[in-house]
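Trainee: model the structure of this input:
(one chain, ligands or ions: 1)
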Amino acid sequence: MAHKLASAQPSWQKLQQLYESKGKQYNLTQAFKADASRFDTYSREWKSDKVDARILLDFSKNLIDDEIFNQLLSLAQEAEVKKQIDQMFAGDHINTSEDRAVLHVALRDVEGEFKINEAGVDEVKPELEHMKRFSDAVRSGEWKGYTGKPIKSIVNIGIGGSDLGPVMVTEALKPYAKRDLDAHFVSNIDGTHMAETLRVCDPETTLFIVASKTFTTQETITNATTARDWFLEAAKDKAHVAKHFVALSTNVKAATDFGIAQENMFKFWDWVGGRYSLWSAIGLSIALVIGYERFEELLRGAHQMDLHFKNAELKDNLPVILALIGIWYNDFFGSETQAILPYDQYMHKFADYFQQGDMESNGKFITKNSERVNYHTGPIIWGQAGTNGQHAFYQLIHQGTKLIPCDFIAPVETHNRVGEHHEILLSNFFAQPEALAFGKSEDEVRAELGAQASNEFLVKSKVFEGNRPTNSIMLQKITPAALGALIALYEHKIAVQGFIWSINSYDQMGVELGKVLAKKILPLLQAKDASKVDGAGHDSSTSGLLKFYLNNAK
Ligand SMILES: O=P(O)(O)OC[C@H]1O[C@](O)(CO)[C@@H](O)[C@@H]1O
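Mentor: Numbering: from 1, shown residues only. Got it, this is the predicted structure:
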C-alpha cells in the first residue's frame, strides 16, 4: 500500500472547500427544520441475533449534510479503508515498525471463523480453557492458599494496557461480580498504591496476578517484587508462591525467572497490542470477577462488532462513521479534543480506558511512508460519567471558545432501578446534546428576561450559540456482550482513523524516551549525593530540580 498523506487524497481538498463554503457556518437548527427525517438519515441501529447486544448511533447532531458525509466516505475509499480492514483481519503485518500482525480480533473469534494463518492463533482456545479452569477453581474455593483457605482478594499488578482494560471492564460489569471476591488493581510505581492495597489484604487469602506483556515494565516488576516480599514475610517458604502468584505475559522466560510456576502462566502473543489486550490472558482478573462465562460473552459481543466492521458497507459501518466524523472536526474544524461521556455510573472508567486506547494508538506524526504529517492526527480523549461532568466542565463545552465534539453514551435499562433516578439521569442524557446543538438565541434570552433584558451583559452571558456537535449512542443495557461490542466499536474507530492518516496505530515509540532518561536519573537519586549532579549531562533545569530534591530529601 502507498500510505499517502491523507492531505494528498483528492477528497481532502474537497472537504477543505466544503468546510470553508458551508461546514464552518453550518446551522443545526435550520438543518433540522429543513429536514424532518434528519434523524432517520443520520442514525444507524446495530444489533446481533447471536448475542444480547444492540447499539443505536445517532449522528444527526453533527455539522454534516449529504454532500459532506459522502465526501467523508470518499476519503475512506481513497484511503482504501476496506482493504486495510481486510489486511488486519487476514493477519498481515500492519504494525510495520515492529513487523507484527494486529490480531486482537482473533482473541474473540471464539468459533474460529477468521482462519488466520499466524503463529499462536491456534493456541487462543487452549489458553481460554486454561483461564476457565483457573477462574472456576478460584471462584468455587477449590483453589486454596498456602494455609488451606480459599482466595478472598485478587490483586492485578500491571500498568497501561495491562491494567486499564481489566479495571474499566470489572467496574462496568460490577453487577455481574462475585461480591465476596475483592478485586484490587495496582499500577502506579508510587509505593502508596501498593502499600494501601496490601493494608487490606491477607497473605493467606490473596492471589496476585502479575500482568505484563513484556514482563520488563519497571513499575510492574517493582510492584510484583514488593508484593512477593510482603507475601514471603508471612508465608516464609518460597514454594508457597505458586499458590499465590500467577503471570499473564508473552515473555514466559522472564515470568519463570520471577518464580512463577509453568502451570500458573497464562500466555498471549506479540500480535496482541497492550492496549488491545483485555481480550487475552490480560482479562484473567475480569474472568475471576464476573466468571468465565460472562467473560466469554464479552468476547462474543466484541466478535459480533468485528463482523459488522469487516462486512458492513462504509456508509452503514458504525466504527467508520465515528471515525469520519472525528476526522471532520479534528482536521477541518481544528478541534483538539474529543469527550466521551457515559451516562452510566458503572462506565466511569470508560474515557480513561480510551485515553490510552486512542492517544497511544494515534498520537503519531510520522506516516507509514516516513513522511511527517501536515495535518492533525489523534485527538485528546477525555471525559467522565454523566451527570458529574455537567457540574464540572460542561460550562466550557456549552459556552467556551473551543469546539469539543462529544460522544454521549447511555443504556436504555439500568442495573439498579432506584426510584426515578434512571429517568432523571436519562433526561440529562437527552437534554445535553439538544442544548449543545440548538442553543438559545439572544432573542429568546431577551424574551425570557423581560424587564431584566436591559442588562446587556446578563443577556449576552445567557446566550448559547449552539451548533456544538455530538453523537448519541444508546445500548439496551450494559451487559457483557453489549460492552464487548461497544469497546470493539471504539477500537475500530481508532483503526480507521489511523488508516486514513496513514500512521501506524499499533506501536508506541513515544513512551520510550522518558523511560530511558528515568533509568539514567535513578542512580543519581540512589547515590543521594547532590555533588554528582553537575557533570551528569543534564540541562540546567533538570540539574536544578535534581539538586533541590537531593538537598532536601529525607
Ligand atoms: O504489559 P506491559 O509490557 O507491562 O506494558 C504496559 C504498558 O506499557 C506500554 O508499553 C507503554 O506505556 C503500553 O503500551 C503497555 O500497555
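Trainee: residues of the protein that sit close to the ligand?
Mentor: Within the chain, the positions near the ligand by C-beta under 6 Å from any ligand atom are 159-162, 212-214, 217, 220, 274-275, 360, 508, 511. Where you see a C-beta, it was placed from the backbone N, CA and C, and this is true even at glycine.
Trainee: domains in the chain, by residue range?
Mentor: Described in terms of the TED database, the domain architecture of the chain consists of the residue ranges 6-94+312-501, 121-293, 511-552.
Trainee: now render the ones you listed as TSV, adding mean neighbour count and mean pLDDT.
Mentor: Compiled in TSV, the domains of the chain are given as follows (neighbours: other C-beta atoms under 10 Å; pLDDT from 0 to 100):
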stretch	mean neighbour count	mean pLDDT
domain 6-94+312-501	18	98
domain 121-293	19	97
domain 511-552	12	97
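Trainee: closest one to Phe114 among these?
Mentor: Closest approach to Phe114 among the domains of the chain is made by domain 6-94+312-501 (6.0 Å; C-beta to C-beta).
Trainee: what's the spacing between the closest one and its chain's center?
Mentor: Taking the mean of its C-alpha atoms, domain 6-94+312-501 sits 15 Å from the chain's own mean (C-alpha atoms, centre = their mean, to the nearest Å).
Trainee: quick one: terminal-to-terminal distance for it?
Mentor: 5 Å (C-alpha to C-alpha, to the nearest Å).
Trainee: the strands in the stretch 151-300 of the chain, which residues?
Mentor: Assigned strands in the stretch 151-300 of the chain, in chain order: 153-157, 182-186, 206-211, 245-249, 265-267 (criterion: DSSP state E, counting those that start in this stretch).
Trainee: may I see those arranged in CSV, with distance to Thr367 as well?
Mentor: Listed next are these as CSV, based on distance: least, C-beta to C-beta, whole Å:
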stretch, distance to Thr367
strand 153-157, 36
strand 182-186, 36
strand 206-211, 32
strand 245-249, 32
strand 265-267, 33
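Trainee: which SS state does Ile473 fall under?
Mentor: Here Ile473 is recorded as strand under DSSP: H, G, I helix; E, B strand; the rest coil.
Trainee: and it, what does it touch?
Mentor: Residues touching Ile473, when contacts are defined by C-beta atoms under 8 Å, 6 or more residues apart in numbering, comprise Ile55, Leu56, Leu57, Asp58, Asp407, Phe408, Ile409, Ala410, Leu486.
Trainee: looking at the stretch 351-500 of the chain, which residue is nearest the ligand?
Mentor: Distance from the ligand to each residue of the stretch 351-500 of the chain (C-beta to the nearest ligand atom) is smallest for Glu360, at 5.7 Å.
Trainee: max-length helix in the chain?
Mentor: Longest helix in the chain by number of residues, with DSSP state H as the criterion: helix 480-501.
Trainee: report all helices and strands that the helix or strand just after that helix contacts.
Mentor: Note on helix 480-501: by DSSP states H and E, the next helix or strand toward the C-terminus is helix 512-527. Using 3 or more C-beta pairs under 8 Å, 6 or more residues apart in numbering; DSSP states H and E as the contact criterion, the elements in contact with helix 512-527 are helix 218-235, helix 540-552.
Trainee: surely the residue of the stretch 351-500 of the chain closest to the ligand is within a strand?
Mentor: No. Counting by three-state DSSP, one finds Glu360 to be helix, located in no strand.
Trainee: quick thing: my sequence starts at 24, can you match it?
Mentor: New numbering, starting at 24: the last item is Glu383.
Trainee: my guess is it contacts Asp530. True?
Mentor: No. At 9.3 Å, Glu383 and Asp530 do not qualify as touching, with contact defined as C-beta atoms under 8 Å.
Trainee: correct me if wrong, but Trp69 is in a strand.
Mentor: Yes. Going by three-state DSSP, the assignment for Trp69 places it inside a strand.
Trainee: before we move on, back to that, in CSV: the contacts of Ile496, plus secondary structure.
Mentor: As requested, those are arranged in CSV below (three-state DSSP):
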residue, secondary structure
Ile78, strand
Leu79, strand
Leu80, strand
Asp81, strand
Asp430, strand
Phe431, strand
Ile432, strand
Ala433, strand
Leu509, helix
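Trainee: from the residues you listed, which is closest to Thr390?
Mentor: Each of the contacts of Ile496 was checked against Thr390 using C-beta to C-beta; the closest is Asp430, at 26.6 Å.
Trainee: residue contacts, the closest one?
Mentor: Taking C-beta under 8 Å, 6+ apart, one finds Leu345, Gln361, Ala362, Ile363, Leu364, Gly406, Thr493, Asn494, Ser495, Ile496 in contact with Asp430.
Trainee: rerun at 7 Å
Mentor: In this structure, Asp430 makes contact with Ile363, Leu364, Asn494, Ile496, judged by C-beta atoms under 7 Å, 6 or more residues apart in numbering.
Trainee: from Asn527, how far off is Ser384?
Mentor: Computed as C-beta to C-beta, to the nearest Å, the Ser384 to Asn527 distance reads 9 Å.
Trainee: please apply the same query to Leu38.
Mentor: Between Leu38 and Asn527 the computed distance is 23 Å (C-beta to C-beta).
Trainee: to Gly135, which of the domains of the chain lies closest?
Mentor: Ranking the domains of the chain by distance to Gly135, with C-beta to C-beta as the measure, places domain 144-316 first at 7.4 Å.
Trainee: how long is that closest one from one end to the other?
Mentor: 21 Å.
Trainee: mind listing what the residue most central in space within the chain touches?
Mentor: The residue lying closest to the centre of the chain (C-alpha atoms, centre = their mean) is Phe377, at 2.1 Å. By C-beta under 7 Å, 6+ apart, the residues touching Phe377 are Ile363, Ile404, Tyr513.
Trainee: which SS class is it?
Mentor: helix.
Trainee: picking up where we left off before, in a markdown table, list the helices and strands packed on helix 535-550 along with distance to Glu136.
Mentor: Shown next, in a markdown table, are the helices and strands packed on helix 535-550 (distance: least, C-beta to C-beta, whole Å):
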| stretch | distance to Glu136 |
| --- | --- |
| helix 241-258 | 34 |
| helix 563-575 | 53 |
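Trainee: mind checking which of the ones you listed is nearest Asp293?
Mentor: Proximity to Asp293, assessed across the helices and strands packed on helix 535-550 by C-beta to C-beta, is greatest for helix 241-258 (17.4 Å).
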